[in-house]
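*Asks:* Build the 3D model from these lines:
(2 chains)
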Amino acid sequence: AQSVAQPEDQVNVAEGNPLTVKCTYSVSGNPYLFWYVQYPNRGLQFLLKYITGDNLVKGSYGFEAEFNKSQTSFHLKKPSALVSDSALYFCAVRDINSGYSTLTFGKGTMLLVSP
Amino acid sequence: DAGVTQSPTHLIKTRGQQVTLRCSPKSGHDTVSWYQQALGQGPQFIFQYYEEEERQRGNFPDRFSGHQFPNYSSELNVNALLLGDSALYLCASSLSGFSYEQYFGPGTRLTVT
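*Replies:* Modelled structure (predicted):
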């Protein structure tokens, strides 16, 4: 079975400061890892993914994430936060060996960026 | 290029009724997955359809059923609605063979009273 943990319900950061949203995962094999963002009353928007290759993955809107296999983590980062980054962020995992593309999501972390 | 579309946007039903939600996948995609997102929770996988067959199913009761049409669009049906079925229902499409890339629609907000 695969699972994702997002240990923080909410992250608060001031505009212009760096941000980190944490994610750890558990899979039986090698993972595919994803970050999605959700704005109020909207669906999920894809930010970035890790499939293979470099551990530092760059995505949309200046976001990046670092895959750490030994710590089974995939933290989302951005060097300088914007107020418009305020939203709900979901980490998701898929076991490469699962055969299908179903995703397991964390419960989400609300990011609040203050002016 | 149209993305994933879902209808209706919002729906209010009474306990015990039945509901049908619809999804059109992104152009060129052949696989549709459905997720339920309860308030304050992450999306939970319901089932996935490919080639008009249910390919994989999550931990949801048989009250939840689906269908995929030859044009790859899909329906989610829920019978005997419970208050706990109130949620945002998300459809995601992907291309078989590149199925790790899922594109989500805006969702249908179902309220059961």
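
*Asks:* list the buried ones in stretch B:25-34?
*Replies:* By 16 or more other CB atoms under 10 Å in any protein chain shown, the buried positions in stretch B:25-34 come out as B:P25, B:K26, B:H29, B:D30, B:T31, B:V32, B:S33, B:W34. In this view, the C-beta of every residue, glycine as well, is placed from N, C-alpha and C.

*Asks:* meant to ask about stretch B:33-42
*Replies:* Quick answer for stretch B:33-42 (16+ other CB under 10 Å): B:S33, B:W34, B:Y35, B:Q36, B:Q37, B:G42.

*Asks:* which one of the residues you listed is nearest chain A?
*Replies:* Of all the buried residues of stretch B:33-42, chain A sits closest to B:G42, with 3.5 Å by CB to the nearest CB.

*Asks:* Now do the phi/psi pair for that closest one.
*Replies:* Dihedral pair for B:G42: phi -80, psi 160, per degrees, to the nearest 10.

*Asks:* list the contacts for it?
*Replies:* With contact set as CB atoms under 8 Å, 6 or more residues apart in numbering or on different chains, B:G42 has these partners: A:V4, A:F90, A:A92, A:F105, A:G106, A:K107, A:G108.

*Asks:* which residues sit in contact with the third one?
*Replies:* Applying CB under 8 Å, 6+ apart to A:A92 gives the contacts A:V4, A:L33, A:F34, A:W35, A:Y36, A:L103, A:T104, A:F105, A:G106, B:G42.

*Asks:* picking up where we left off before, among the buried residues of stretch B:25-34, which are in helices?
*Replies:* Of the buried residues of stretch B:25-34, none are assigned to helices by DSSP state H.

*Asks:* Now render those as TSV, adding pLDDT.
*Replies:* TSV is the format used below for the buried residues of stretch B:25-34 (pLDDT from 0 to 100):
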residue	pLDDT
B:P25	96
B:K26	93
B:H29	92
B:D30	92
B:T31	92
B:V32	94
B:S33	93
B:W34	96
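
*Asks:* Thanks again, I'm all set now.
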